[in-house]
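[1] Predicted coordinates and the sequence they were generated for:
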Amino acid sequence: MRLLRSLPAVAALAFLAACDLSTEPDIPAPIDPAQDTYATSLGVDIASMTKTTSGLYYKDKVVGTGTAAVANDSIKANFTLWLTNGTKVDSSKDPGNVPIEFRVGDPEVIVGFSEGFLGMRPGGVRQLVIPTNLAWGPNGSRVPGKPIVQPNANVIFEIEYISKF
């Protein structure tokens, strides 16, 4: 008889355990860029890329000439940003857009993007794979009119260092 009375209580506990009662958003765990999957169209070969101590991956596609960029340089550059599935998010080369101008190390710029220019020379083109901790992290990015960068997403940039200004 005692077993029959406790059966509904056990069933109720099992049901509650199966329910997600958290109020936290469902944020995926970060993925190590070396373990992530990249659309073939991006041409990412993570094994051939250089990894910095911060975790940024980069590969020079074109090596420029002149003085290399260092922290606090004000530079003019082009960029294209993709999600790992190959979706283009934004580009300074799109119609109506212009090259960006910023200071390397500016706290308003994602860390991995800024770091990607260090050591580049004008005319250089580089592919970056930026891990989430150097990009938008658990917040992701929601710019009106642009595809959403999901929370904890790794991102890919192609950057072109035009000049100092």
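    On my side now, so go ahead.
[2] Could I get the full set of helices for this protein?
    Residue ranges of the helices in the chain, as given by DSSP state H, are 2-18, 111-116.
[3] tell me which strands and helices the shortest one is in contact with?
    Spelled out, that is helix 111-116. Helix 111-116 is packed against strand 125-130, strand 155-164, with contacts defined by 3 or more Cβ pairs under 8 Å, 6 or more residues apart in numbering; DSSP states H and E. C-beta here means a position set from N, CA and C on the backbone, and glycine is covered the same way.
[4] ok so, going back, between the helices of the chain, which gets the lowest average pLDDT?
    If you rank these by mean pLDDT, helix 2-18 sits at the bottom with a mean of 47.
[5] Please name the residues that touch the closest residue to Thr40 other than its chain neighbours.
    Spatial nearest neighbour of Thr40, chain neighbours left out: Gly86 (7.8 Å); criterion: Cβ to Cβ, 6 or more residues apart in numbering. Neighbouring residues of Gly86 by Cβ atoms under 8 Å, 6 or more residues apart in numbering: 38-42.
[6] Quick check on the residues you listed: which are buried?
    38, 42 (16 or more other Cβ atoms under 10 Å).
[7] Tell me how far the residue nearest to Thr40 lies from Ser114.
    Distance, Gly86 to Ser114, by Cβ to Cβ, to the nearest Å: 24 Å.
[8] distance of Ala29 from Gln35?
    The value you get for Ala29 to Gln35, if Cβ to Cβ is used, is 11 Å.
[9] I'd like to know how many residues surround Thr87.
    Other residues near Thr87 come to 12 when the count uses other Cβ atoms under 10 Å.
[10] Surely it and Pro147 touch.
    Yes. Contact between Thr87 and Pro147 holds when scored by Cβ atoms under 8 Å: they sit 5.2 Å apart.
[11] which residues are in contact with both of these two?
    Here Thr87 and Pro147 share no contacting residue, scored by Cβ under 8 Å, 6+ apart.
[12] ok, back up a step: using CSV, lay out the contacts of Gly86 together with distance to Ala77.
    Formatted as CSV, the contacts of Gly86 follow (distance: Cβ to Cβ, whole Å):
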residue, distance to Ala77
Tyr38, 23
Ala39, 23
Thr40, 26
Ser41, 22
Leu42, 19
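[13] so of the contacts of Gly86, which ones are in strands?
    In strands, judged by DSSP state E, none of these are found.
[14] Need the residues that contact stretch 65-77.
    Applying Cβ under 8 Å, 6+ apart, the contact partners of stretch 65-77 are 92, 99-105, 117-123, 159-165.
[15] sorry, that was for stretch 107-114
    54, 56, 79, 102, 104-106, 128, 130-131, 134-136, 157, 159.
[16] Cheers, nothing more for now.
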